[in-house]
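Q: Following is a predicted model, sequence given first.
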Amino acid sequence: MKKVKIHKLNKEEFFKTFDISDEYFISTGLEWDNLNKIYADYCKIVPLLEKEAEHIVSKLIDVPLVHSVRRRVKEPSHLIEKIIRKGTKYKALNIDVTNYIKIVTDLIGIRILHLFKDDWINLHKNITDIWETKEIPQLNVRRGDYNMQNLEDQLKDIDCEVIIREYGYRSVHYLIGAHISKTKETFIEIQARTVFEEAWSEIDHIIRYPYDTDNPILTEYLAIFNRIAGSADEMGMFIKKLKAEVGNSGKRELDLKFK
């Protein structure tokens, strides 16, 4: 008979790896045995999540205006670390092995990158045509990124929640559902953002998370970098419009020349 591999975490090693103190863990009210059950179950379904992620990428990669698509399935140890880090939030939801795949909504994360800032509107239509979203999509912007009146006009026929972030990323977030087996359903997060915003957010994540989120010096310089990324997006839009104007001017000159 083939032996079934039992996936189990060593508490002492895990706490050391993720810099978690016994005092903090106790304060969350979570139980280690419960987390180990979640860990063991999740290790079994990771291959199913990988297949589902590839399936979603295959649907998105050929969508017009998509520059590239990235995907990741959360690693088992990082899932447990997130549950502990969120602590009391997940404890209040009575998270356990029977419900964690619906409570933690980013087991699969899909990132869509596009070149120009205004491409998101057409991408939004494509995404909502392919999938039924489980909650209202969120458009995250920084104050000053858009003329708010123009943005409101753009959103008249789009069901989308605008969230103003003083400091932080610009992206559109979607939540969709997926059946990874007959009895298991989970949620998938899709984010759409520009290539410039992706560059900033990746650097911000590597530098600050999860232990330097309150470092004032890093926060200040990364905020400057964030504004530069926003300016690059604006320049991209300007050049796009300029090309259209130059092209139209050239066409008009040719039309006049051959009349």
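A: Thanks, I have the structure now. Residues are numbered from 1 along each chain as shown.

Q: Flag every buried residue along the helix or strand that contains Glu12.
A: Element membership for Glu12, per DSSP states H and E: helix 11-17. Residues Phe14, Phe15 are the ones in helix 11-17 that count as buried (16 or more other CB atoms under 10 Å). (Glycine included, C-beta is placed from N, CA and C.)

Q: helices or strands next to it in the packing?
A: Contacting helix 11-17 under the criterion 3 or more CB pairs under 8 Å, 6 or more residues apart in numbering; DSSP states H and E are the following elements: helix 76-86.

Q: For the helix it packs on, buried residues please.
A: Residues of helix 76-86 classed as buried by neighbour count (16+ other CB under 10 Å): Pro76, Leu79, Ile80, Glu81, Lys82, Ile83, Ile84, Lys86.

Q: now the last one: how far from Ile56?
A: Same thing as Lys86. The gap separating Lys86 from Ile56 is 25 Å, by CB to CB, to the nearest Å.

Q: cool, the second one as well?
A: Here the criterion is CB to CB. By it, Leu79 lies 19 Å from Ile56.

Q: for Val46, same thing?
A: As judged by CB to CB, Val46 and Ile56 stand 16 Å apart.

Q: before we move on, back to that, report the distance from the following helix or strand past the helix holding Glu12 to the chain centre.
A: Beyond helix 11-17 on the C-terminal side, the first helix or strand identified by DSSP H and E is helix 22-28. Computed by CA atoms, centre = their mean, to the nearest Å, the chain-centroid distance of helix 22-28 equals 28 Å.

Q: Can you list the neighbours in contact with helix 22-28?
A: Taking contacts as CB atoms under 8 Å, 6 or more residues apart in numbering, the residues outside helix 22-28 that touch it are Phe15, Trp32, Ile84, Gly87, Thr88, Lys91.

Q: was I right about Gln191 contacting Leu175?
A: No. Between Gln191 and Leu175 there is no contact under CB atoms under 8 Å: 10.4 Å.

Q: Show me which of the two is the more surrounded one.
A: Between Gln191 and Leu175, Gln191 has the larger neighbour count (other CB atoms under 10 Å), namely 21 against 17.

Q: would you say that one is within a helix?
A: No. Per DSSP: H, G, I helix; E, B strand; the rest coil, Gln191 lies outside any helix segment and is strand.

Q: Now for it: which residues touch it?
A: Gly109, Ile110, Arg111, Ile112, Ser171, Val172, His173, Tyr174.

Q: ok, so what distance separates the spatially closest residue to Asp119 that is not a sequence neighbour from Trp120?
A: Spatially, and ignoring its direct neighbours in sequence, Asp119 is nearest to Leu65 (4.5 Å; CB to CB, 6 or more residues apart in numbering). Per CB to CB, Leu65 is found 9 Å from Trp120.

Q: which one of the two has more residues nearby?
A: Trp120 (24 against 16).

Q: Check the secondary structure at Val172 for me.
A: Three-state call for Val172 (three-state DSSP): strand.

Q: for Met235, that is, sorry about that
A: Secondary structure for Met235, judged by three-state DSSP, is helix.

Q: quick one: pLDDT of it?
A: Predicted confidence (pLDDT) at Met235: the value is 75.
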